[in-house]
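In: build me a model:
(chains A and B, ligands or ions: 1)
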Amino acid sequence: MENTNLKVLIVDDSTVMRSVLTDILKRIGFSEQNIMGAANGQEGVDTVAKEKFDLILLDWNMPVKDGFTALQEMRASGVTTPIMMVTTEGERMRVVEAIKAGANNYLVKPFDANDLEEKVQQLLASVS
Amino acid sequence: MTASKTLDATLVNAFMESAQSVYSKMLSTEIQLKEVKAEKEFSGTGDISALIGITGPDGEGMAGISFPFELANQLVAKLMYREAHMIDQATRQDGVAEILNMVAGAAKSILSEKFDATYKLSVPSVISGKSHSLSGVKGAPFLIMIFSTEGTEFQIYISFKKED
Ligand SMILES: [Mg+2]
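Out: Below you'll find the model as predicted:
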């Protein structure tokens, strides 16, 4: 499948959620060895500064540094990788804030696995 | 209806809706609300509880969820498409925290739009151990929602003080 070689970074403080997201990505052709995890916004920012990714899934509520701040810092440092927020923050205002700060897509937890699959495919199709 | 009764009903409805959504979307499980009661104090009847703080411009509080170990393992396993026996202690704690994070997050979104205020959630924490007790917000009752799923009960509790 065409997603096999794409590199993904999942930034979420929940190990369980990183595993759930990894499993769903594997179902749509991503390979596990190309999926990396970061446990908070700071780790996410640091990882992205060192390595190039094709997709970033970003949680909002995390210790150390939240995902919104991480999003702003990534964009300020010139990172152009497509970023999708995957978060419990569901208020319309939050979505608008994130999109303005440079998020390309937004998925609210709880989600259907199908919604995640579709949004990831849409996002990748829109940038390719 | 008094103001506090209205608030209680709003909180209960928001958490019922959010819990149902999390269980059906992420855990492929149906839940039934059996009972709602208000109490001054609450002793966790489960073996593992997760807690999360909620703060906003017009109020503050906390929400929690309590499970027996076995049910916690079953639910975390469902969330991860695994078998219950594969769930170790660290995974159980992390999974229970994330289930509450999603329930409280969805309820928070409902309440934010309803009260036209921006609430913030803390990062969830977990307490493990038989009959641990939990305390709520001073001056606000504990709303205890007893749910049942697959023949086992679990509790969601909310303690929230809203200034009008
Ligand atoms: Mg989180």
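In: interface residues of chain A facing the ion?
Out: Remark: the part of chain A in contact with the ion comprises A:13, A:59, A:61, using C-beta under 5 Å from the ion. For the C-beta atoms, the positions are set from N, CA and C on the backbone; glycine is no exception.
In: who's in contact with the closest residue to the second one other than its chain neighbours?
Out: Meaning residue A:59. Counting by C-beta to C-beta, 6 or more residues apart in numbering or on different chains, residue A:59 lies nearest to residue A:12, which is 4.0 Å off, once chain neighbours are set aside. Contact partners of residue A:12, counting by C-beta atoms under 8 Å, 6 or more residues apart in numbering or on different chains, are A:18, A:21, A:37, A:39, A:57, A:58, A:59, A:62, A:86.
In: what ranges do the strands span in chain B?
Out: Using DSSP state E, the strands found in chain B span residues B:32-39, B:42-43, B:48-56, B:59-67, B:120-121, B:125-128, B:133-134, B:142-149, B:152-162.
In: just tell me which of the ones you listed ends up closest to the ion.
Out: Closest to the ion of these, according to C-beta to the ion: strand B:120-121, at 9.0 Å.
In: partners of that closest one in the sheet?
Out: Using DSSP bridges, the strands paired with strand B:120-121 are strand B:48-56 (antiparallel).
In: ok, residue 107 - contacts?
Out: Chain wasn't specified; assuming chain A. Contacts of residue A:107 by C-beta under 8 Å, 6+ apart are A:84, A:85, A:86, A:87, A:115, A:116, A:119.
In: chain B is the one I meant
Out: Neighbour list for residue B:107: B:11, B:14, B:15, B:17, B:18, B:19, B:63 [criterion: C-beta under 8 Å, 6+ apart].
In: in JSON lines, list the contacts of residue A:12 along with secondary structure, pLDDT and neighbour count.
Out: Formatted as JSON lines, the contacts of residue A:12 follow (DSSP: H, G, I helix; E, B strand; the rest coil; pLDDT from 0 to 100; neighbours: other C-beta atoms under 10 Å in any protein chain shown):
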{"residue": "A:18", "secondary structure": "helix", "pLDDT": "98", "neighbour count": "22"}
{"residue": "A:21", "secondary structure": "helix", "pLDDT": "98", "neighbour count": "23"}
{"residue": "A:37", "secondary structure": "strand", "pLDDT": "98", "neighbour count": "19"}
{"residue": "A:39", "secondary structure": "coil", "pLDDT": "98", "neighbour count": "18"}
{"residue": "A:57", "secondary structure": "strand", "pLDDT": "98", "neighbour count": "31"}
{"residue": "A:58", "secondary structure": "strand", "pLDDT": "98", "neighbour count": "26"}
{"residue": "A:59", "secondary structure": "coil", "pLDDT": "98", "neighbour count": "29"}
{"residue": "A:62", "secondary structure": "coil", "pLDDT": "95", "neighbour count": "25"}
{"residue": "A:86", "secondary structure": "strand", "pLDDT": "98", "neighbour count": "24"}
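In: for residue B:46, give its distance to residue B:64.
Out: 10 Å (C-beta to C-beta, to the nearest Å).
In: ok, those two, which is more surrounded?
Out: residue B:64 (27 against 24; other C-beta atoms under 10 Å in any protein chain shown).
In: that one and chain A, how far apart?
Out: According to C-beta to the nearest C-beta, to the nearest Å, residue B:64 and chain A sit 16 Å apart.
In: please name the bridge partners of that residue.
Out: residue B:51, residue B:157.
In: share the number of residues neighbouring the closest residue in space to residue A:55 that isn't next to it in sequence, please.
Out: Of all residues not flanking residue A:55 in the chain, residue A:8 sits nearest, at 4.7 Å (C-beta to C-beta, 6+ apart). The local packing of residue A:8 (other C-beta under 10 Å) involves 21 other residues.
In: list the contacts of residue A:109.
Out: Residue A:109 touches A:17, A:86, A:87, A:88, B:26, B:101, B:102, B:105, B:106, counting by C-beta under 8 Å, 6+ apart.
In: how close does residue B:96 get to residue A:2?
Out: Distance from residue B:96 to residue A:2, by C-beta to C-beta: 37 Å.
In: still on that earlier bit, are any of the contacts of residue B:107 buried, and which?
Out: B:11, B:14, B:15, B:18, B:19, B:63 (16 or more other C-beta atoms under 10 Å in any protein chain shown).
In: for the last one, give me its contacts.
Out: Put plainly, it is residue B:63. B:15, B:51-52, B:54, B:100, B:103-104, B:107, B:156-160.
In: show me the shaky parts of chain A.
Out: Within chain A, the ranges that satisfy pLDDT under 70 run A:1.
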